[in-house]
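Participant: The following comprises the amino acid sequence and a computationally predicted model.
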Amino acid sequence: MKTLARPWLVVLLAVGLGAWARVDALDSGFWADDFMQYAMLTHAWPSQRAVWDLFHFVDGDPADHKRMVDYGVDPWWTHPQFRLSLLRPVPSLLCAFDHRVFGFEARPHHIHSVLWWAALVASVGWLLFSVLPPEAAACAVLLFSVEESHTVPFLWLSNRSALVATVFAVAALCCHLAWRRGRSATFRFASIGLLALALSCGEYALASIGYLVCAEFAQQWPGVSRRRALLPAVTLTLGFVLLSAALGYGSSHSTLYTSPFSAPLDYAGKLATGLPVLLGDLTLSIPADWWSFGSPWPAQLHDWSELSDATWETLPAWRTWQLSGGVLGALLTAALLKWLRPRVSPADFRTLLWLLAGAVLGLFPVLSSFVTTRLVMPSSIGFCALFGTALAQGLSALVRWYSKLRARAPHSSLRADVAAVLVLGVIGYLHGVQAFSDSRHTTQFFAFVADSRTMWPLTLELDDKTSGGQRLVMFNAADANDAPHAPFIRYAYKLPLMRGFRLLSGAPGEHEVLRVDAHTLELRVLDVNGLAGSMVGSLTRAQDDWLQPGQQVDVDGMHVEVRKVHAGQPVLMRFRFDVPVDDPSLVFVESTPLGLRRLTLPAIGTRLRLAAPTMPDHNVFERARREAEGDDKAPQQ
């Protein structure tokens, strides 16, 4: 273990291992909010944004709200007070720097993100090697590098802010601990400065501040009192929160993003379910993404089982099992701590306790967002420290066992050694082998998603001479949150910026459209399955802000009347346009496996049934392109 115990060798190995698992991210291109920020930087966004303010999507100002809805960045059902604006000046400036230096070439942008991720692994290595025994720290850093929660921040350029904020926050903690251990006051000033930088990267820094607080309460430090030691961190944190509120940053009237200040009850509800789900991810590697996007396991188990459909439907829903997994993971964590207590020194055990306490505290601020795996990245530091310590104990037992076998010595503690090796096997598989595999497959999946959703609007053939004066009208979309990116994706690829975008329904199922007269279309939702959370309870409208029959909304060039609702969700709507629907300024499209395709509207008084939209598939686009070029080697779907 002497070689592995050298921190710089371990960090290099960890960086190489984690980068290898996610190497496909380099070719994932731009995705989602990346195109919106490009539009902001090139002054194509409906409202002007400064280069340090690229996470300012929409604020509570009525004029700003109107510009966003009139263009179509936010759909017609957006709540009038919807707000999603994040104070992240440093990541914004880094994004502006990339576009200034590298232009619209994605790979250098991704290399920049990889460098920040490598800095994160190095800063975590600095922290863990300074507070844990070398063998435990080495194991923990290696586990941290392959943690699946890193994958989206590693791959998604707009989410780089999470990496940068955590780098500065962990470095601030390291400097604070160095100062507390008697190093020069320079480390104290460095800690304060780094923490200020972390907060200037946004609210994600709050997820790491709990470590510093818990470290202070872990023991009695000599010199400066605990209150004075924590005063700068508390002042900076409160200052960031108050400044963000005073400048109008934050979220409101959204289901996906819930502020504890504007919607405390909704936030408390998220904590009740989100905490066990995130703990299940951290402890048993049950992806938190499955809570929000669905798990593949129910369908697979149903196919494997011999249970009838009626019997299967009586079983608890997947979310019940996932919540139970989180509770089980918390209990197993407590059991692992109990097992480790007599095996490590009291000082090391106290270190594990404050790292775990800081990790759990770090879950509270991130749950203002919707539940996903990427939220646990800062908290994974503390849990990797626990699992790394247990892994080191298991490796020591394995070495001890092997030495006794070679020497044919009696096993005085065989039961304890077997238990340690079992712990080694379980943790090594869940948080080592499986984590590496999951990180690799998740990177490939999200890279595929990014490519597919970028290609999706680019397949639409329009006349470049006239498309700048046209509005793109989409009846429904498989993902209503990604649909408004379409005109900005086209613009980023040097196609004319369209006059606007209209998404008529957020329901993902089948629809029927009736042409009422020359100006009016009536849209009916035929499939209410999956309707929950499609419009009410979505990104731009809270789940308790129901729409009502007779409610009317005016958007630039379009009047909307809600005629019928189901559980607050509109299922029958009328859309009256300011020009005839046959006017060339309106481009009606539907989403198909081959991308966006123009739709021919029915005659007046007749109806047209619309199939449920499908998610974009890059493989289908590529196969169609190769077939069009006469390539017989087109891949099969």
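Facilitator: Thanks, I have it.
Participant: count of neighbours near Lys494?
Facilitator: Look at Lys494: counted by other CB atoms under 10 Å, it has 8 neighbours. Every residue, glycine included, has its C-beta placed from N, CA and C.
Participant: so it is in which element?
Facilitator: Counting by DSSP states H and E, there is no helix or strand that carries Lys494.
Participant: again, but for Gly325
Facilitator: helix 318-340.
Participant: Could you do Ala165 as well?
Facilitator: Counting by DSSP H and E, Ala165 is part of helix 160-180.
Participant: And for Ala390?
Facilitator: Counting by DSSP H and E, Ala390 is found in helix 380-407.
Participant: which secondary element of this structure has the worst mean pLDDT?
Facilitator: Least confident element among the helices and strands of the chain, by mean pLDDT, DSSP states H and E: helix 309-313 (a mean of 67).
Participant: quick revisit: and the angle from the helix holding Ala165 to helix 380-407?
Facilitator: Taking axes from the mean of the first three to the mean of the last three CA atoms, to 10 degrees, one finds helix 160-180 and helix 380-407 inclined to each other by 70 degrees.
Participant: Beyond helix 160-180, next helix or strand please.
Facilitator: Following helix 160-180 in sequence, per DSSP H and E, is helix 185-199.
Participant: Tell me the first helix or strand C-terminal of that following helix.
Facilitator: Counting by DSSP H and E, what follows helix 185-199 is helix 206-218.
Participant: one step back: quick check: mean pLDDT across the very next helix or strand once past the helix holding Ala390?
Facilitator: Later in the chain than helix 380-407, the nearest helix or strand by DSSP H and E is helix 414-428. Averaged across helix 414-428, the pLDDT comes to 75.
Participant: what does helix 414-428 rub up against?
Facilitator: By CB atoms under 8 Å, 6 or more residues apart in numbering, the surrounding residues in contact with helix 414-428 are 336, 339, 387, 390-391, 393-398, 400-401, 411.
Participant: what angle separates the helix or strand following that helix from helix 380-407?
Facilitator: For helix 414-428, the following helix or strand on the C-terminal side (DSSP H and E) is helix 434-458. For helix 434-458 against helix 380-407, the angle by the same axes, to 10 degrees is 140 degrees.
Participant: Just the buried positions in helix 434-458, please.
Facilitator: 435-436, 438-440, 442-444, 446-458 (16 or more other CB atoms under 10 Å).
Participant: Distance-wise, check the spatially most central residue of the chain relative to His56.
Facilitator: Residue closest to the average C-alpha location in the chain (CA atoms, centre = their mean): Arg374, at 4.9 Å. Between Arg374 and His56 the computed distance is 21 Å (CB to CB, to the nearest Å).
Participant: Please compute how far the helix holding Ala165 lies from its chain's middle.
Facilitator: 21 Å (CA atoms, centre = their mean, to the nearest Å).
Participant: how about the helices in the stretch 501-637 of the chain?
Facilitator: 618-628 (DSSP state H, counting those that start in this stretch).
Participant: Quick one: the strands in it, in order.
Facilitator: Using DSSP state E, counting those that start in this stretch, the strands of the stretch 501-637 of the chain run over 511-515, 520-525, 552-555, 558-566, 569-577, 586-592, 595-598, 607-610.
Participant: what about the closest residue to Gly557 other than its chain neighbours, neighbour count?
Facilitator: Distances taken as CB to CB, 6 or more residues apart in numbering place Asp578 nearest to Gly557, at 4.7 Å, with adjacent residues excluded. Residue neighbour count, defined by other CB under 10 Å, stands at 12 for Asp578.
Participant: Verify the assumption that Arg350 is located in a helix.
Facilitator: Yes: using DSSP: H, G, I helix; E, B strand; the rest coil, the secondary structure at Arg350 is a helix.
Participant: Tell me the bridge partners for the closest residue to Gly605 other than its chain neighbours.
Facilitator: Leaving aside its sequence neighbours, Gly605 sits nearest to Arg515 (CB to CB, 6+ apart; 6.9 Å). Taking DSSP bridges as the rule, Arg515 bridges to Leu521.
Participant: what residues are up against Arg515?
Facilitator: Contact analysis of Arg515 by CB under 8 Å, 6+ apart lists 521-522, 581, 601-608.
Participant: Asp348 contacts Gly388, correct?
Facilitator: No: if you go by CB atoms under 8 Å, Asp348 and Gly388 don't touch, sitting 11.5 Å apart.
Participant: Mutual contacts of those two, please.
Facilitator: 132, 136.
Participant: ok, the residue nearest to Gly605 to His441 distance?
Facilitator: 46 Å.
Participant: do Trp116 as well
Facilitator: 23 Å.
Participant: Break the protein down into its domains, please.
Facilitator: 7-30+104-449, 453-628 (automatic domain parsing).
Participant: among those domains, which is nearest Val73?
Facilitator: When the domains of the chain are compared by CB to CB, domain 453-628 sits nearest Val73, at 5.3 Å.
Participant: ok, Asp348 and Gly388, which is more surrounded?
Facilitator: More crowded of Asp348 and Gly388, by other CB under 10 Å: Gly388, with 26 against 18.
Participant: Show the contacting residues for the more buried one.
Facilitator: Counting by CB under 8 Å, 6+ apart, Gly388 touches 128, 132, 136-143.
Participant: Okay, and the nearest residue to it once chain neighbours are set aside sits in which element?
Facilitator: Take Gly388 and drop its neighbours on the chain: the residue closest to it by CB to CB, 6+ apart is Ala140, 2.7 Å away. Here Ala140 sits within helix 134-145, counting by DSSP H and E.
Participant: backbone phi and psi for Val114, please?
Facilitator: Backbone torsions of Val114, given as degrees, to the nearest 10, read phi -60, psi -40.
Participant: looking at it, it is touching Ala19, isn't it?
Facilitator: Yes: contact criterion CB under 8 Å: Val114 and Ala19 qualify, at 6.4 Å.
Participant: Those two: which is more packed in?
Facilitator: Val114 (20 against 17).
Participant: Now do the more buried one, the pLDDT please.
Facilitator: 97.
Participant: who's in contact with it?
Facilitator: Contacts of Val114 (CB under 8 Å, 6+ apart): 19, 25-26, 154.
Participant: So which of those residues are in helices?
Facilitator: Here DSSP state H is the test, and the contacts of Val114 give 19, 154 as lying in helices.
Participant: Save the contacts of Val114 as JSON lines, and put in distance to Val528 and pLDDT too.
Facilitator: Formatted as JSON lines, these follow (distance: CB to CB, whole Å; pLDDT from 0 to 100):
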{"residue": "Ala19", "distance to Val528": "45", "pLDDT": "96"}
{"residue": "Ala25", "distance to Val528": "38", "pLDDT": "95"}
{"residue": "Leu26", "distance to Val528": "42", "pLDDT": "95"}
{"residue": "Phe154", "distance to Val528": "38", "pLDDT": "95"}
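Participant: Without its sequence neighbours, what residue ends up closest to Ala435?
Facilitator: Using CB to CB, 6+ apart and skipping the chain neighbours, the partner closest in space to Ala435 is Val146 (4.6 Å).
Participant: do Asp289 as well
Facilitator: In space, Asp289 is closest to Thr373, 4.8 Å off (CB to CB, 6+ apart).
Participant: Thought Asp281 was touching that neighbour, still the case?
Facilitator: Yes: at 5.8 Å, Thr373 and Asp281 qualify as touching, with contact defined as CB under 8 Å.
Participant: Now do the SS call for Ser47.
Facilitator: coil.
Participant: show me where pLDDT drops low in the stretch 351-500 of the chain?
Facilitator: Along the stretch 351-500 of the chain, segments meeting pLDDT under 70 span 401-417.
Participant: and the nearest residue to Asp64 once chain neighbours are set aside, how far is that from His65?
Facilitator: Counting by CB to CB, 6+ apart, Asp64 lies nearest to Ser47, which is 5.5 Å off, once chain neighbours are set aside. Remark: distance between Ser47 and His65 (CB to CB) = 10 Å.
Participant: Noted, bye for now.
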